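Asker: I'd like to go over a predicted model; first the sequence, then the structure.
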Amino acid sequence: MHELARRRTAMRTDRGRGWNPSSPSLAVGSRLLFVLLAACGGPTTYENLADLSVCDPSGEFTTDVDNRFFPLPVGQRIVLEGGGLTVRITVLDELETVAGVETRVVEEHEASGGRVLEISRNFFAQAVDGTVCYFGEDVDIYDESGNVTSHAGEWRATGANVAGIFMPASPEVGQAFQQEIAPGIAEDQSRIEALGERITVPAGTFEDTVTMLDLDPLDGGQDRKVYAAGVGLIVDESAEMTSFEPAA
């Protein structure tokens, strides 16, 4: 989920048009890009990553997610627009059990020019201390005819995959953590860059915010995201929140 706009959609849309991730030339190009990024000083992974034990499925969780910067009340809807994309995030009145943990389902609907690109169902649960844990996502990627052509990037926290930290209970500048742990599929990490920045988006101005820089170790890509207290995601790179519908 946390690859809401620029990087993930561009990659998955290419796959839907016949992009072959196993192509030798593309594989070599990806490795070359990764090496160049590392050589230029770009991080390939964050240091001092947080302990993931808080998201261990053996712990206690709730689907009543009320984390300050990532609340998930049923019925809440956020719309972000920018970069030619419209991203609609809706907290559904649905639960899904993953790794024995009951999770809240959040639908992410991505479109461009009125055409659906991707719909994903993301699985979250909140630990006792208030940390929001991410247990994976189901993904449908659509072609120009409206047919599902791929499920690229989907994963669940089972087998070798592990639930990640999506939002800490008490964010602090410099905190770094793994959000997705699905080797070779989804390995996003995030680091908190700032707290309390005044951010203005089409839907309003917010002062109680947390700014995060997401990093994909698989390709070296980075995305800036901003979350606002009592709301959730308000900025994802060039996509900014244009409307907010609170839970009824």
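Answerer: Great, that's in hand.
Asker: so how far is residue 67 from residue 79?
Answerer: 21 Å (C-beta to C-beta, to the nearest Å). In this view, the C-beta of every residue, glycine as well, is placed from N, C-alpha and C.
Asker: ok, the two, which is more surrounded?
Answerer: More crowded of residue 79 and residue 67, by other C-beta atoms under 10 Å: residue 67, with 22 against 19.
Asker: how far away is the more buried one from residue 111?
Answerer: For residue 67, the distance to residue 111 - C-beta to C-beta - is 27 Å.
Asker: got it, and residue 222?
Answerer: As defined by C-beta to C-beta, residue 222 lies at a distance of 24 Å from residue 111.
Asker: Equivalent analysis for residue 65, please.
Answerer: Counting by C-beta to C-beta, the gap from residue 65 to residue 111 is 25 Å.
Asker: So those two - more neighbours on which side?
Answerer: The residue with more neighbours, out of residue 65 and residue 111, is residue 65; 24 against 18, by other C-beta under 10 Å.
Asker: give me the element that one is part of.
Answerer: Assigned by DSSP states H and E, residue 65 belongs to no helix or strand.
Asker: Over to it: give its phi and psi.
Answerer: Here is the backbone geometry of residue 65 (degrees, to the nearest 10): phi -80, psi 120.
Asker: what's near enough to touch it?
Answerer: 71, 72, 73, 104, 124, 125, 126, 132 (C-beta atoms under 8 Å, 6 or more residues apart in numbering).
Asker: again, only using 6 Å
Answerer: Shown in contact with residue 65 (C-beta atoms under 6 Å, 6 or more residues apart in numbering): 72, 104, 126, 132.
Asker: Please settle this for me: is the second one part of a strand?
Answerer: Yes: inclusion of residue 104 in a strand is indicated when DSSP: H, G, I helix; E, B strand; the rest coil is applied.
Asker: pLDDT score for the nearest residue to it once chain neighbours are set aside?
Answerer: Excluding the flanking residues, the one nearest residue 104 by C-beta to C-beta, 6 or more residues apart in numbering is residue 63, at 4.3 Å. What the model reports for residue 63 is a pLDDT of 98.
Asker: Could you do residue 36 as well?
Answerer: In this prediction residue 36 is given a pLDDT of 50.
Asker: and what of residue 5?
Answerer: pLDDT, residue 5: 40.
Asker: just the one 4 residues further on next, same as before
Answerer: pLDDT for residue 9: 41.
Asker: count of residues packed around residue 158?
Answerer: Look at residue 158: counted by other C-beta under 10 Å, it has 15 neighbours.
Asker: Verify the stated contact: it with residue 97.
Answerer: No: under the criterion of C-beta atoms under 6 Å, residue 158 makes no contact with residue 97, lying 10.8 Å away.
Asker: Show me the shaky parts of the protein.
Answerer: 1-43 (pLDDT under 70).
Asker: Which stretches in the chain count as helices?
Answerer: Remark: helices assigned in the chain by DSSP state H are 6-16, 24-39.
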